[in-house]
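S.K.: Need the 3D shape of this:
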Amino acid sequence: MGFPGTWMTTSESMVYRVVPKCACSTIGQIMFYSDHGEFFDGDVHDATAGLHKWALEDSHAPIERVVRGHEAYAFTCVRNPYSRILSSFFDKICGIQRNGKRYRGKLVPLLVQKYGIEVGGEDGKQEFDQIKSFRRFLLFARDTIRWRRPMDPDIHWSAMSGHVSTFIVNGGRYDHIFFTEKFNEGMQTVLDAVETPHGVTLDEIPRFNESQGHGPERAHPVEDYFDDLSMHLVYEIYKRDFVLFKYDFENPGNKMPIGEIDLDEVHAKLGD
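M.R.: A predicted model of the protein is given here:
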């Protein structure tokens, strides 16, 4: 199976397991900059040179060698499950993607038809009942994850623990897992632990939020989208994420972690 979703600097200074919707664009650009002294011109997800990626055939051998030999600092980044699934909804379901089309072609028409979801019209800019539509999307996300229907779960809303685990199961080990909500602190820990061809000053790095502007603005605070039933669904889908990554299930309005991540626990529980 190898190391899907794994990126590595060409200098082999650091290895990153991408978790979608968890600052991956910014992290990728920092990695690119640390090697080349400049940012990738465009969305770093589109880069096919200047960064090793498991999706690129030529990157397989170096990534495999470095990860299995633990020759570079390995890390990933996680996010509060409530705000992550909400972000996925506004970006992927309501938003127009960077190719000018809807995400995954027939997905949105399917959701409109089968789940009664509204997405803000053709351009995603019209007014609609965001809370009602999001809660219906949550049912769909649960159906994809529990029963793999009407389609397999998408990487943007499948559980973070699933992404994080493939790296461990296939022979990798994380040196650090940090929180999107404490980004500078977590990323600085990574940068302090490695030597890079070009220095990175985090305070001067822009945030590369590639999903920004794709969809409608969120009209309400996070907690307004989650009633008792929605919270139950979120817990059913993301229980392991809440437990392992120390987020507050009881209060959707509290985006901050309520504890420190125990790396030994993560490796033990996700390494099966």
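S.K.: Using PDB, write out every CA atom in stretch 120-132.
M.R.: Extracted as PDB, the C-alpha positions of stretch 120-132 are listed here (Å, rounded to 0.1, in the frame of the first residue of the first chain):
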ATOM      1  CA  GLY A 120     -26.800  28.400  -3.000                       C
ATOM      2  CA  GLY A 121     -27.800  28.000  -6.600                       C
ATOM      3  CA  GLU A 122     -25.600  27.500  -9.700                       C
ATOM      4  CA  ASP A 123     -22.800  29.800  -8.400                       C
ATOM      5  CA  GLY A 124     -23.100  29.000  -4.700                       C
ATOM      6  CA  LYS A 125     -23.900  32.700  -4.000                       C
ATOM      7  CA  GLN A 126     -27.600  32.600  -3.400                       C
ATOM      8  CA  GLU A 127     -29.200  32.700   0.000                       C
ATOM      9  CA  PHE A 128     -30.300  29.300   1.400                       C
ATOM     10  CA  ASP A 129     -30.900  27.600   4.800                       C
ATOM     11  CA  GLN A 130     -27.300  26.700   5.600                       C
ATOM     12  CA  ILE A 131     -28.200  24.900   8.900                       C
ATOM     13  CA  LYS A 132     -30.900  22.700   7.400                       C
END
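S.K.: Outside of it itself, list whatever touches it.
M.R.: With CB atoms under 8 Å, 6 or more residues apart in numbering as the test, stretch 120-132 has contacts from 94-96, 118-119, 214-216, 218-220, 224-225. For every residue, glycine as well, the C-beta is placed using N, CA and C.
S.K.: Please, a PyMOL command that selects the buried ones among those residues?
M.R.: The buried residues among the contacts of stretch 120-132 can be selected in PyMOL (16 or more other CB atoms under 10 Å) with this line:
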select buried, resi 94+95+96+118+119+214+215+216+218+225
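S.K.: Show me which pair in the contacts of stretch 120-132 is furthest apart.
M.R.: Greatest spatial distance among these (CB to CB): 96 and 224, at 24.5 Å.
S.K.: Can you classify residue 74 as helix, strand or coil?
M.R.: In three-state terms, and counting by DSSP: H, G, I helix; E, B strand; the rest coil, residue 74 is strand.
S.K.: Flag the shaky bits of the stretch 101-250 of the chain, pLDDT-wise.
M.R.: 210-214 (pLDDT under 70).
S.K.: what's near enough to touch residue 227?
M.R.: residue 135.
S.K.: Swap in 10 Å and give it another go.
M.R.: 131, 135, 252 (CB atoms under 10 Å, 6 or more residues apart in numbering).
S.K.: cool, and residue 149?
M.R.: By CB under 10 Å, 6+ apart, the contact set of residue 149 is 140, 143.
S.K.: Residue 48 versus that one, what's the distance?
M.R.: 34 Å (CB to CB, to the nearest Å).
S.K.: do residue 165 as well
M.R.: For residue 165, the distance to residue 48 equals 27 Å [CB to CB].
S.K.: Between those two, which is the more surrounded one?
M.R.: A direct count of neighbours by other CB atoms under 10 Å for residue 165 and residue 48 places residue 165 higher, at 20 against 10.
S.K.: For the helix or strand where the more buried one lies, C-alpha coordinates in PDB please.
M.R.: In the assignment (DSSP states H and E), residue 165 maps to helix 160-169. C-alpha atoms of helix 160-169 as PDB (Å, rounded to 0.1, in the frame of the first residue of the first chain):
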ATOM      1  CA  MET A 160      -8.600  12.100  10.400                       C
ATOM      2  CA  SER A 161      -7.600   8.900  12.300                       C
ATOM      3  CA  GLY A 162      -8.000   6.900   9.000                       C
ATOM      4  CA  HIS A 163      -5.600   9.200   7.200                       C
ATOM      5  CA  VAL A 164      -3.100   9.300  10.100                       C
ATOM      6  CA  SER A 165      -3.200   5.500  10.500                       C
ATOM      7  CA  THR A 166      -2.000   4.500   7.000                       C
ATOM      8  CA  PHE A 167       1.400   6.100   7.700                       C
ATOM      9  CA  ILE A 168       1.800   4.000  10.900                       C
ATOM     10  CA  VAL A 169       0.400   0.800   9.600                       C
END
